[in-house]
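[1] From the sequence below, what's the structure:
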Amino acid sequence: MIAVIRFQLSGYLRSVRALHPILALGLLLAIVFSSPLGGTPAQIRHGALTAVADMTALIFPICAWAARGLLDTEPDTQRHVTAVTAGRRRAVLAGSVAAYAFSVVMALIAPIYPLAQGVMAGLGVRDVLLSVALLPLTALAATALGALTSRAVIPSPGTSVLVLLGVCGLDLILGIGPLKVLTVPLIEWMRAASDGPSDLAGAFPWLALRTLAWAAVGGALYAWLRRTRP
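    All right, here's what the predicted structure looks like:
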């Protein structure tokens, strides 16, 4: 399975598809961090936490796009061959792991600047670890969404993109209403971080559990759909 993961990652990195989410992330970082986080050390520390939480929400569609792109890079014929040689379950799992690996690297790169500024301003190790922990969770949920909109599930590229963007938009809309428990809690991450480290620490277990549950449901649905689709 490791060989399949390496094969899919190398194929994606050599393709033009990989440049799209990377360029989108670079543009996003340039826009978001074009202004200082704050004037005083306290403002910088608070700004760093808020910036990381904001990035958690902003990179969600980019990571989903990256995961979808990686899974779509392999031609249909090659995907059939991989499913036969490695086994369908292993092929699906390998693709998902490769997509998550790329997404989580992008997610962890995104907050380097605000975290560096926050650490220099006295941001504690606990707060840094707490804020960084948001990113792998978001990447996991984004990978599930990217997999569900990949070509193996939705053959039409146009429909796939519309579904991906529609789910991201719907998540944000539902996240401010009574049905927020059904969403990836992007808005709630941002609110908790804006309220301060103590509020973020208090909200973290519940929000992390919801994110993991969303990713688990999405991953299970993808695995079920791929049973009849090579």
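[2] Give me the distance between residue 98 and residue 104.
    11 Å (Cβ to Cβ, to the nearest Å). C-beta here means a position set from N, CA and C on the backbone, and glycine is covered the same way.
[3] quick one, which of these two is more surrounded?
    Each of residue 98 and residue 104 has its neighbours counted (other Cβ atoms under 10 Å); residue 98 has more, 25 against 19.
[4] residues in contact with that one?
    Contact analysis of residue 98 by Cβ atoms under 8 Å, 6 or more residues apart in numbering lists 4, 5, 8, 9, 12, 70.
[5] What are the phi and psi values at the fifth one?
    With angles defined as degrees, to the nearest 10, residue 12 shows backbone torsions of phi -70, psi -40.
[6] got a list of what it touches?
    18, 69, 70, 73, 98, 102.
[7] Can you tell me which of the residues you listed lies closest to residue 116?
    residue 102 (23.1 Å; Cβ to Cβ).
[8] Which pLDDT value belongs to the closest one?
    On pLDDT, residue 102 comes in at 95.
[9] swap in residue 46?
    Note on residue 46: pLDDT of 82.
[10] How about residue 81?
    At residue 81, pLDDT is 66.
[11] shouldn't residue 131 be in contact with residue 51?
    No - applying Cβ atoms under 8 Å as the test, residue 131 and residue 51 come out as separate, 9.0 Å apart.
[12] Need the residues touching each of these two.
    Taking Cβ under 8 Å, 6+ apart as the criterion, residue 131 and residue 51 both touch residue 111.
[13] Which one's more surrounded, those two?
    Between residue 131 and residue 51, counted using other Cβ under 10 Å, the more crowded position is residue 131 (27 against 24).
[14] show me what contacts that one?
    Going by Cβ under 8 Å, 6+ apart, the list of residues near residue 131 reads 48, 49, 52, 53, 111, 115, 193, 200.
[15] Which of the helices or strands spans the third one?
    Element membership of residue 52, judged by DSSP states H and E, is helix 41-73.
[16] Not counting sequence-adjacent ones, nearest residue to residue 199?
    Leaving aside its sequence neighbours, residue 199 sits nearest to residue 192 (Cβ to Cβ, 6 or more residues apart in numbering; 5.0 Å).
[17] ok, the one you found touching residue 207?
    Yes - the pair residue 192 and residue 207 passes the contact test of Cβ under 8 Å, sitting 7.1 Å apart.
[18] More neighbours: those two, which one.
    Neighbour count, other Cβ under 10 Å: between residue 192 and residue 207, residue 192 has more, with 23 against 19.
[19] So what's the predicted local confidence for the more buried one?
    84.
[20] would you list every one of the helices in this structure?
    Assigned by DSSP state H, the helices in the chain fall at 2-14, 19-32, 41-73, 76-86, 88-109, 112-120, 125-132, 134-148, 157-174, 186-195, 197-225.
[21] Can you give the distance of stretch 91-107 from its chain's centre?
    10 Å (Cα atoms, centre = their mean, to the nearest Å).
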